[in-house]
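K.L.:
3D, please:
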Amino acid sequence: MRHLRPLLLLIGFALLTLPLMPVQQLLLWAWPQMAARLPHWYHRQAARLLGINIIIKGERPAPGAAFIVSNHVSWLDIIVLSAAAPVSFVAKREVAKWPFFGSLARLQRTVFVDRERRHTTGRERDEISERLKAGEKIVLFPEGTSHTGLAVLPFRSSYFAAVHDPQIPVIPVTLAYTRRWGMPFLQREVAAYAWYGDMDLAPHLWNALAEGPLDVEVIFHGAETLAHAKDRKRLAAHAENTVRAGLVHALHGR
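P.N.:
Here you go, the predicted model:
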């Protein structure tokens, strides 16, 4: 049964995803407004299929531009955040080359960044800035990598400079993986879903699907602005502290 569950879920995921990929590509060419909304609908269906119960806390982002900054736990974060709101993501450039998942990222208009080459950072910040000017919601994982889900790494402030308009809302979001089969996670069990370090994606994905349904809290904190924070380093520090406090409260109740 443990091996049957991930197999059936992957078949269902393929049946949901593959027919929609050419549809999304056509929408990107002919109807960009709908292309921005389809991934939101698609990821809600994918979350239901995979048994991800998404618990929204706080107020979802209002219509219009928003720069969303979140802690990063797993490849599941993409499904969870995109199901919670119509967003695009910032991802490392290597993701664009991944089989299948790279195609999904491109179809969701992901901004790919090269963290190893500092001279490209300005160009990538400009692309994020232009997308925000167009009224889009962009998600950044400012830790720069995924982690265990039990702590929050320091936020890198460089991409906060993409917030060109000092009044654009910067929304900290906490992702907390809290329950499996309705029972609170033991600390050692979180690793079944957290994907980080040098873990291979394929076996981790298979094992995570075998573990069963889970609850993920998406905590939308109050928006901050560059105008109020005064500079991007303070803005990044505020977001980091807010996300960390949200995770501590979600996992430990304090």
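K.L.:
contacts, neighbours, all on C-alpha from now
P.N.:
Fine.
K.L.:
residues near the spatially closest residue to Pro213 that is not a sequence neighbour, how many?
P.N.:
In space, and not counting its chain neighbours, Pro213 is closest to Gly51: 4.4 Å by CA to CA, 6 or more residues apart in numbering. Neighbour count for Gly51, taken as other CA atoms under 10 Å: 16.
K.L.:
and the longest helix for the chain?
P.N.:
Identified as the longest helix of the chain according to DSSP state H is helix 232-252.
K.L.:
residues of it that come out buried?
P.N.:
By neighbour count with 16 or more other CA atoms under 10 Å, helix 232-252 contains the buried residues 232-233, 235-240, 242-244, 246-248, 250-251.
K.L.:
List the contacts of the helix or strand bottoming out on mean pLDDT in the chain.
P.N.:
When the helices and strands of the chain are scored by mean pLDDT, DSSP states H and E, helix 201-211 comes last with a mean of 82. The contact list for helix 201-211, computed with CA atoms under 8 Å, 6 or more residues apart in numbering, reads Arg2, His3, Arg5, Pro6, Leu9, Leu50, Arg180, Ala192, Tyr193, Trp195.
K.L.:
Please repeat the previous calculation with a cut-off of 7 Å.
P.N.:
Here helix 201-211 makes contact (CA atoms under 7 Å, 6 or more residues apart in numbering) with Arg2, His3, Arg5, Pro6, Ala192, Tyr193.
K.L.:
tell me the contacts of the fourth one?
P.N.:
If I follow you right, that is Pro6. Trp206, Leu209, Ala210.
K.L.:
what's the answer for the fifth one, then?
P.N.:
The contact partners of Ala192, taken as CA under 7 Å, 6+ apart, are Ala208.
K.L.:
Please produce TSV containing the contacts of helix 201-211, extended by secondary structure, distance to Leu81 and pLDDT.
P.N.:
Output for the contacts of helix 201-211, formatted as TSV (DSSP: H, G, I helix; E, B strand; the rest coil; distance: CA to CA, whole Å; pLDDT from 0 to 100):
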residue	secondary structure	distance to Leu81	pLDDT
Arg2	coil	27	63
His3	coil	27	72
Arg5	helix	24	88
Pro6	helix	22	90
Ala192	helix	19	76
Tyr193	coil	15	82
